[in-house]
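Visitor: Sequence and predicted structure below; questions after.
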Amino acid sequence: MNSHIRRVRIVWFGVALVTVAGLLFVMAGCSDSNNTVTEPELIPLMGSTVSAGDCKVFEDFHAGDGTGSDQDCIEFEYDGESVLSIKHINAAFNCCPDSFGVEVNLEGNVITIVEQEYLTYPCYCLCLYDMEYSVANVKPGTYTIRVIEPYLLASNMVDDPPGPPPLLQFSVDLRATPSGMFCVERNTYPWGINHTLEGKVTDYFGCKPAPSGGDLGGPFQPPNCFQYEYDGEGKLVIDHINAILNCCIDSVSINVSMMSDTLFIEDIEHASAPCRCVCEFDVSYEINDLAPGHYVIQIVGPYELWEDEPLVLDVDFTVPASGMYCVDRGEQPEEPVGMIMEYRGCKTFDMLDSIPETPSDQDCLQYQWDGGGTLDLQHINTALNCCPVVAAEITFEGFHITITELDSLSMGGCDCICLFDIDYRLYSLPPGEYTITVVEPYKPQGEEVLEVTVDLTAPTSGIHCVDRYTYPWND
């Protein structure tokens, strides 16, 4: 595999939460009869949980805040007593994370922040985010702040200039300089993104009949292809053949990004009333002002959920060129699988707000079955830590489905719990009568288990609720 493809494959989802946790390790001292040597103690630091924004969009190499996509920056502000607020600008993560996490410790005068991501179905791309968190129990003084980034060393593996990249690390006297900004320059993917290329959809055709019958998660046998023609002067025409989109789209658009020498094209569907099925389309694009050169073209769509081979090709556009490239799509998993699609919360039930559909004393499981293998579930008013790392284990034993929602205290958490909604999607379910059990980390002892038996032999939908009487329900 060439280095370009490796770059885009080292590596899905809106706003994710960041959990900051302090780690405590005490290094034992060593002594003999003449002297004592004490290793620095790693001190636990209290951290807050905040959101990290969406994958950033850049124009002319700059985002709306003016920070170039080739800059990797830490912006800090100290309150003079104990709280250090940090914003990591242009932090690199997978395009499709479930959530992010951060571990923070203090050893001597070195504050080390280890950034992490949690992935169920990662995409074949990276992008840049802005992360904000605050660290408590930082006494006034001089510190070295060091950020360990997950894709810094990985991206360097395919750099043309070899050698270790500069760490995002700096020293500061917080008494004399309580706020400031420190940046390093990055020129490896996904840093250096340029979104100035003009790209548009000129035509699309579909739904095309699919062997699977079109159900979401069906075995899409036809290959994933694109045909291209470059005029040698800046105009590139592409036909994406067998793109998978919702059956009931209103229109299609594309996002076009230039990341180093990689031309990244993302299919975007627009559906005001989406159906619970997908099918194949042929989509035609036109991209202008692409200078002659050697490129990597990568095309992704919204439903590449399985271990399909990515649609990536090296091309020589130093002269007019045309061609076609295809990859095989993987089939639907033989065994049922499930994933978290989205979550929302902490929820508020303020009487001044409009009355919510589901009151706070109800714990509910809503379901919708498409009749073709896909079951959508929404757990309404599940109780989780206020600072969650949202995760669940989904198991299938015959016609019994168990969803075990996981507490996030192992990642630090906060001293409170509140209510969330979690959306799940289960694939490859054969028709039958199923019992679905939800195991909740904060279900009060003695109260009814959230469990429902449903007949999934024909398309159906419904909701099952149990009453809850204790905090955070009915609050």
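Guide: Received, thanks.

Visitor: Helices of the stretch 151-300 of the chain, start to end?
Guide: According to DSSP state H, counting those that start in this stretch, the stretch 151-300 of the chain carries its helices in the segments 152-156.

Visitor: Give me the below-cutoff pLDDT ranges for it.
Guide: Within the stretch 151-300 of the chain, the ranges that satisfy pLDDT under 70 run 153-165, 189, 192-196, 209-221, 259-260, 276.

Visitor: 80 instead?
Guide: Judged against pLDDT under 80, the low-scoring parts of the stretch 151-300 of the chain cover residues 151-166, 187-198, 208-222, 257-261, 273-278.

Visitor: Now the terminal residues of stretch 421-433, how far apart.
Guide: Distance across stretch 421-433, first residue to last, is 25 Å (CA to CA, to the nearest Å).

Visitor: before we move on, what about stretch 427-444?
Guide: Chord length of stretch 427-444, first to last residue, is 31 Å (CA to CA).

Visitor: what about residue 53, distance to residue 126?
Guide: Using CB to CB, to the nearest Å, one obtains 15 Å as the distance from residue 53 to residue 126. Heads up, the C-betas are built off the backbone N, CA and C, glycines and all.

Visitor: For the two, indicate the residue with more neighbours.
Guide: Neighbours per residue, other CB atoms under 10 Å: of residue 53 and residue 126, the larger number sits with residue 126, 24 against 13.

Visitor: Please tell me I have it right and the more buried one contacts residue 93.
Guide: Yes. Taking CB atoms under 8 Å as the definition, residue 126 is a contact partner of residue 93 at 6.7 Å.

Visitor: Show me the common contact partners of these two, please.
Guide: With CB atoms under 8 Å, 6 or more residues apart in numbering applied, the overlap between the contact sets of residue 126 and residue 93 consists of residue 151.

Visitor: which SSE is the closest residue to residue 139 other than its chain neighbours in?
Guide: Of all residues beyond its chain neighbours, the one nearest residue 139 is residue 82 (6.9 Å), with distances taken as CB to CB, 6 or more residues apart in numbering. Using DSSP states H and E, residue 82 sits within no helix or strand.

Visitor: end-to-end on stretch 182-202?
Guide: With CA to CA as the measure, the first residue of stretch 182-202 is 44 Å from its last.

Visitor: From the domain annotation, what segments belong to each domain of the chain?
Guide: In terms of domains, the chain is parsed into 3-186, 197-327, 337-467 (source: automatic domain parsing).

Visitor: Serialize the ones you listed to JSON lines and add fields for distance to residue 474.
Guide: What follows is the domains of the chain, written out as JSON lines (distance: least, CB to CB, whole Å):
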{"stretch": "domain 3-186", "distance to residue 474": "25"}
{"stretch": "domain 197-327", "distance to residue 474": "33"}
{"stretch": "domain 337-467", "distance to residue 474": "4"}
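
Visitor: three-state assignment of residue 451?
Guide: Following DSSP: H, G, I helix; E, B strand; the rest coil, we place residue 451 in the strand state.

Visitor: Help me confirm that it comes into contact with residue 434.
Guide: No. Applying CB under 8 Å, one finds residue 451 not in contact with residue 434, separated by 10.9 Å.

Visitor: So between these two, which is more surrounded?
Guide: Remark: of residue 451 and residue 434, residue 434 carries more neighbours, 21 against 15, as counted by other CB under 10 Å.

Visitor: Now for the closest residue in space to the more buried one that isn't next to it in sequence, how many residues are close by?
Guide: For residue 434, the nearest residue in space outside its immediate sequence neighbours is residue 399; the separation is 5.0 Å by CB to CB, 6+ apart. Residue neighbour count, defined by other CB under 10 Å, stands at 14 for residue 399.

Visitor: Which residues are in contact with residue 399?
Guide: In this structure, residue 399 makes contact with 432-435, judged by CB under 8 Å, 6+ apart.

Visitor: same thing with residue 84?
Guide: Contact criterion CB under 8 Å, 6+ apart gives 76-78, 111, 134-136, 138, 174 as the residues in contact with residue 84.

Visitor: and it, what are its bridge partners?
Guide: Under the criterion DSSP bridges, residue 84 forms beta bridges with residue 78, residue 135.

Visitor: how much space is there between it and residue 120?
Guide: Distance of residue 84 to residue 120, computed by CB to CB: 32 Å.

Visitor: so how far is residue 105 from residue 88?
Guide: In this structure, residue 88 lies at 17 Å from residue 105, with CB to CB as the measure.

Visitor: Taking the centroid of the chain, which residue is nearest it?
Guide: Per CA atoms, centre = their mean, the C-alpha nearest to the average position across the chain is that of residue 97, at 1.7 Å.

Visitor: If I look at the nearest residue to that residue once chain neighbours are set aside, what pLDDT would I see?
Guide: Leaving aside its chain neighbours, residue 97 sits nearest to residue 117 (4.8 Å; criterion: CB to CB, 6+ apart). Turning to residue 117, the model gives it a pLDDT of 81.
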